[in-house]
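Enquirer: Let me see the structure of the following:
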Amino acid sequence: MSKKGILAIVSICIAAIVAIVLAVMLYSTSDELKQTQTELATTKATLQTTETAKVDLEKKLAETQATLEETRSELSQTQEILQNASEAARKIAAERNALQQDKSALEQEKESLRAKLTEIESELQRIREQSQRSIAAIQERFKDTVGAVLDEAGRLTLDVKGKILFETGSAILSAEGKELLDAISEEVLLNADYSDYAIRIEGHTDNTPIGGSALRNWNLSTERAIAAVKYLQEHANVSAERLAATGYAFYQPIDTAETPEAKAKNRRIEIILVPPQDFLSELLTSLQKVMESIEAKVSQ
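Expert: Below you'll find the predicted structure:
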């Protein structure tokens, strides 16, 4: 065989081998391409899933952030409520403490007033008993000449008929009137039990105008009261500091009937002994009202 024929055969063999190798390489590359395409598709699917998951996560994150903000707002409100509640609790505690102190003070005041009430009631009782004895002695000694009344405030009023002390229309004491004032002074006014009592002398007339003028009734009632005061001071040794004179004309009658008997009752001189604790009954009533008020506050 010639050299050219051998070269041709060798060339053909080499070409066949190259073709085979290329075929093998192409097949291999085709498989790898398919695998790569499959992997790419898988990667794309995974990427799509990841993207979807990312969107879901971002949505959930946004919701979580909104919930967190709401929770923070609620927490802030709760803290404010707690702070207000704490402040209210402190105020309530302070008010409770103040009320407790007020209650203690009221209890002390109540005890003090109770002691004062007991003292006043005891003094009133002493005045009543003392005055009852004096009234009995006066009525025994002067019979129907002098009336005696003890009021709720401890004031002792001696009602002396005007005709006994003065002649009709006169402000000059009669001899019988002077004797009667001496006896009243001895029995009552100068009695040690009444030594600190003030003495008011009040003159009263009936409603018949004297000489046709009601003004003269004022004059006569006042002049008679002054005449009695002067006599008690100058002749019965009653201290001037204890005495006072007042005229009421016919404006304080004890009997309003238009009869001679009623008019005789209204023509009078009243000797009123006023204790140092004047208006004790009013004070007693006032203190009792205060006690009731305190009791109501303490019970609240």
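Enquirer: remind me which residues of this protein are low pLDDT?
Expert: Residue ranges of the chain with pLDDT under 70: 1, 102, 277-287, 294, 297-300.
Enquirer: can you pull out the helices in it?
Expert: Secondary structure of the chain (DSSP state H): helices at 3-142, 162-165, 175-184, 214-234, 260-266, 280-299.
Enquirer: Next, work out how far apart the residue lying closest to R242 once chain neighbours are set aside and D182 are.
Expert: Distances taken as CB to CB, 6 or more residues apart in numbering place I199 nearest to R242, at 4.9 Å, with adjacent residues excluded. Quick note: C-beta positions are derived from backbone N, CA and C, even for glycine. As for I199, its distance to D182 is 15 Å (criterion: CB to CB, to the nearest Å).
Enquirer: Looking at these two now, which is surrounded by more residues?
Expert: I199 (23 against 15; other CB atoms under 10 Å).
Enquirer: so how far is R267 from the nearest residue to A245 once chain neighbours are set aside?
Expert: In space, and not counting its chain neighbours, A245 is closest to A225: 3.9 Å by CB to CB, 6+ apart. Distance of A225 to R267, computed by CB to CB: 13 Å.
Enquirer: The two: which is more packed in?
Expert: A225 (25 against 21).
Enquirer: Isn't the more buried one up against I269?
Expert: Yes. Counting by CB atoms under 8 Å, A225 does reach I269; the two are 6.9 Å apart.
Enquirer: Just the CA atoms of stretch 128-142, as PDB, please.
Expert: This file holds the C-alpha atoms of stretch 128-142, laid out as PDB (Å, rounded to 0.1, in the frame of the first residue of the first chain):
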ATOM      1  CA  ARG A 128     -83.600  75.700 140.700                       C
ATOM      2  CA  GLU A 129     -83.400  74.200 144.100                       C
ATOM      3  CA  GLN A 130     -82.100  77.400 145.600                       C
ATOM      4  CA  SER A 131     -84.800  79.500 143.900                       C
ATOM      5  CA  GLN A 132     -87.600  77.100 144.900                       C
ATOM      6  CA  ARG A 133     -86.600  77.500 148.600                       C
ATOM      7  CA  SER A 134     -86.600  81.300 148.100                       C
ATOM      8  CA  ILE A 135     -90.000  81.200 146.400                       C
ATOM      9  CA  ALA A 136     -91.500  79.200 149.200                       C
ATOM     10  CA  ALA A 137     -90.100  81.600 151.800                       C
ATOM     11  CA  ILE A 138     -91.300  84.700 149.900                       C
ATOM     12  CA  GLN A 139     -94.800  83.300 149.400                       C
ATOM     13  CA  GLU A 140     -95.000  82.200 153.000                       C
ATOM     14  CA  ARG A 141     -94.000  85.600 154.300                       C
ATOM     15  CA  PHE A 142     -95.800  87.900 151.800                       C
END
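Enquirer: how close does the residue nearest to A245 sit to K163?
Expert: The value you get for A225 to K163, if CB to CB is used, is 16 Å.
Enquirer: Check R242 too.
Expert: 26 Å.
Enquirer: Looking at those two, which is more packed in?
Expert: Taking other CB under 10 Å, R242 and K163 do not tie; R242 has more neighbours (19 against 14).
Enquirer: check contacts around that one.
Expert: By CB atoms under 8 Å, 6 or more residues apart in numbering, the contact list for R242 reads 197-199.
Enquirer: Could you dump those into CSV with distance to L22 added?
Expert: What follows is the contacts of R242, written out as CSV (distance: CB to CB, whole Å):
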residue, distance to L22
Y197, 155
A198, 153
I199, 159
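Enquirer: Going by distance to R72, which of those residues wins?
Expert: A198 (82.5 Å; CB to CB).
Enquirer: Mind listing the residues bridging to that closest one?
Expert: V274 (DSSP bridges).
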